[in-house]
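Undergrad: just the structure for this:
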Amino acid sequence: MHRRLIATLTAALMLIVGLMGTVSAEKWVPVDEFTIGNVLHMTGDVALTGEKQRKGLELILDEVNAAGGINGVLPIKVIYEDDLGTNPGAISALNKLLYDHEVIVTFATVRSTMVHALSPIIQEEEIPAIFGGSAWSLSELRNPWMFRVRCDDRTVGAAMAKFLVENLGHEKIAALHDSDAFGTGGYQETSRALKEFYGIEPVTVQKYASGTKDYTAQWMAIRDSGATAVFGWGTRSEDDGIILRQRKELGLDNLDFVGSNSYSTGTTRDIAGEMAYGVYSLADFSWNTTDPYQQEYMKRFEEKWGELPDGDCTWTSVGLLVLVDAIERADVVNVENGKTYMRPLKETRERIRDALREVRDLQTPLGKANCDVWQNMIHSINVIQVVPEGERYISTVTVDFEPHK
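TA: Next up is the predicted model:
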């Protein structure tokens, strides 16, 4: 009797386990591609920047897909939606990606003001989002679904202040910045570091709106302030090129100029031409890097696109590398009987979010990616100077960070 009871209970247990396995298996969804969204500058006066970002992403996309895609079995498809260079355009683009295409993860642009606008949607829809906006205020949102793949402005601001004072020897320093979230945040972080570490306050602060075409008033105010140097935080390379052209045209190129990453992009150089020579930039990426991985990346990029990468290109390359690494560790793709399956969308997104938090020492074009407690991945920045030959590398600043637990 006792043995029969044990046998009956064992059989029942096996049946339950079997049923559970069947139910679990049914939850896996058949797929033939992994869809990633990208809110991108595609038209308007920022389209040049968007084209650079697309090239950076598609370099890695083509390489991953050539190897079979995710885990070598599932190709990646990137769906682009145009943000029109505006916050409303970015919101519309993300909504299309979410509701028309049901993308699994997304890129959420490089402009901090747009990322601020997209953050509530990203958090409400619980979709992992890779972004390039560097404003520190984005970290303070504490959005659990957003991951930055560029150096943040708090780090860059401190490095900029240090270079202005300790390397260039300036005390009379003016500020020029875009009035959006990125420009304002960068100005605040640099000013904070100047005050905290050197007791220096800007002799004048000049701001402007994105898309401004004439900066004469700002440059005249800087001239009249007695400044010997200027630090600039520009959101758009298209604006920065005009700013540097007018600096030269107004005879103010004797002032040292130290700018954010956008002041050394290919787009800025194309617009400003030789008027960009001599400008210093806190750049995400340097052509003069000695890192073997970064040198190989430059070679592959130039072979594919016929040009060298810059900061606009590299952050999207980093973003896709980070995503692929996380997706492959998240155990969200399975192959059975020659067919490829993915876990339910909600579970897949949660697993990818958790895997992104565990990124450690991943080689990228911007150095090793490590997710910190603020969900920032990159922790170093380069100081370079634009010269006729391209750029002069000066130094790399790396900061300590607390890994995400």
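
Undergrad: which residues in the stretch 1-150 of the chain form helices?
TA: Remark: helices assigned in the stretch 1-150 of the chain by DSSP state H, counting those that start in this stretch are 2-27, 47-66, 87-95, 112-125, 136-140.

Undergrad: between those, which gets the lowest average pLDDT?
TA: Lowest mean pLDDT within those: helix 2-27, at a mean of 44.

Undergrad: can you tell me the helix or strand for the nearest residue to residue 62 once chain neighbours are set aside?
TA: Using C-beta to C-beta, 6 or more residues apart in numbering and skipping the chain neighbours, the partner closest in space to residue 62 is residue 304 (7.6 Å). Yep, even glycine has a C-beta here, placed from its N, CA and C like the rest. Here residue 304 sits within helix 292-305, counting by DSSP states H and E.

Undergrad: could you point out which element follows that helix?
TA: Next along from helix 292-305, by DSSP H and E: helix 311-329.

Undergrad: could I get the buried residue list for the helix or strand following that next one?
TA: Toward the C-terminus, helix 311-329 is succeeded by strand 333-336 as the next helix or strand (DSSP H and E). Within strand 333-336, the residues scored as buried using 16 or more other C-beta atoms under 10 Å are residue 333.

Undergrad: quick one: strands adjacent to strand 333-336?
TA: As defined by DSSP bridges, the strand partners of strand 333-336 come to strand 339-342 (antiparallel).

Undergrad: and residue 397, that one's in a helix?
TA: No - judged by DSSP: H, G, I helix; E, B strand; the rest coil, residue 397 forms no part of a helix; its state is strand.

Undergrad: residues in contact with the residue nearest to it when sequence neighbours are not counted?
TA: Spatially, and ignoring its direct neighbours in sequence, residue 397 is nearest to residue 159 (4.2 Å; C-beta to C-beta, 6+ apart). Contacts here follow C-beta atoms under 8 Å, 6 or more residues apart in numbering; on that basis residue 159 touches 282, 381, 383, 397.

Undergrad: burial measure for the residue nearest to residue 313 when sequence neighbours are not counted, as a count.
TA: In space, residue 313 comes closest to residue 56 once its chain neighbours are excluded; the distance is 3.5 Å by C-beta to C-beta, 6+ apart. For residue 56, the neighbour count with other C-beta atoms under 10 Å is 27.

Undergrad: surely residue 56 touches residue 316?
TA: Yes - Residue 56 lies in contact with residue 316 (C-beta atoms under 8 Å); the separation is 3.9 Å.

Undergrad: roughly how far out does the strand or helix carrying residue 246 sit from the chain middle?
TA: Assigning secondary structure by DSSP H and E places residue 246 in helix 237-249. Centroid separation between helix 237-249 and its chain, computed with C-alpha atoms, centre = their mean, to the nearest Å, is 24 Å.

Undergrad: skipping adjacent residues, who's closest to residue 341 in space?
TA: Nearest non-adjacent residue to residue 341, counting by C-beta to C-beta, 6+ apart: residue 28, 3.7 Å away.

Undergrad: which residues are in contact with residue 241?
TA: Residue 241 sits next to 267, 268, 269, 270, 271, 272, 276 when contact means C-beta under 8 Å, 6+ apart.

Undergrad: ok, now with 6 Å
TA: 268, 271, 272 (C-beta atoms under 6 Å, 6 or more residues apart in numbering).

Undergrad: of these - the most surrounded one?
TA: Result: residue 268 is most packed of the contacts of residue 241 (other C-beta under 10 Å), 31 neighbours.

Undergrad: assumed that residue was part of a strand.
TA: No - using three-state DSSP, the assignment for residue 268 is helix, not a strand.

Undergrad: residue numbering should commence at 59 henceforth.
TA: Sounds good: first residue 59 from here, last item residue 326.

Undergrad: that one against residue 295, yeah?
TA: Yes - applying C-beta atoms under 6 Å, one finds residue 326 in contact with residue 295, separated by 4.4 Å.

Undergrad: tell me how far the nearest residue to residue 296 once chain neighbours are set aside lies from residue 292.
TA: Spatial nearest neighbour of residue 296, excluding adjacent residues (C-beta to C-beta, 6+ apart): residue 103 at 5.6 Å. In this structure, residue 103 and residue 292 are 14 Å apart, going by C-beta to C-beta, to the nearest Å.

Undergrad: ditto for residue 168
TA: The gap separating residue 168 from residue 292 is 12 Å, by C-beta to C-beta.

Undergrad: so between those two, which is more surrounded?
TA: Neighbour count, other C-beta under 10 Å: between residue 168 and residue 292, residue 168 has more, with 31 against 27.

Undergrad: distance check, that one against residue 242.
TA: For residue 168 relative to residue 242 (C-beta to C-beta), the value is 16 Å.

Undergrad: phi and psi next, for the residue nearest to residue 399.
TA: phi -70, psi 140 (degrees, to the nearest 10).

Undergrad: just give the number of residues close to it.
TA: 17.

Undergrad: repeat that for the one 5 residues further on.
TA: Residue 91 has 14 neighbouring residues, counting by other C-beta under 10 Å.

Undergrad: quick one, what contacts residue 156?
TA: With C-beta under 6 Å, 6+ apart, residue 156 has these contacts: residue 183.

Undergrad: make it 7 Å
TA: By C-beta atoms under 7 Å, 6 or more residues apart in numbering, the contact set of residue 156 is 183, 185.

Undergrad: tell me the pLDDT of it.
TA: With respect to pLDDT, residue 156 has a value of 97.

Undergrad: equivalent analysis for residue 309, please.
TA: Reported pLDDT at residue 309 in the predicted model: 96.

Undergrad: name the SS class of it, please.
TA: Residue 309 ends up coil, using three-state DSSP.

Undergrad: what's the neighbour count on it?
TA: 10.

Undergrad: for it, phi and psi?
TA: Residue torsions, per degrees, to the nearest 10, at residue 309 are phi 70, psi 30.

Undergrad: and it, how far is that from residue 277?
TA: 9 Å.

Undergrad: now residue 445
TA: Distance of residue 445 to residue 277, given as C-beta to C-beta: 23 Å.

Undergrad: repeat that for residue 128.
TA: Residue 128 sits 50 Å away from residue 277, going by C-beta to C-beta.

Undergrad: could you give the number of residues near the closest residue to residue 422 other than its chain neighbours?
TA: Nearest non-adjacent residue to residue 422, counting by C-beta to C-beta, 6+ apart: residue 376, 4.4 Å away. Residues near residue 376, counting by other C-beta under 10 Å, number 28.
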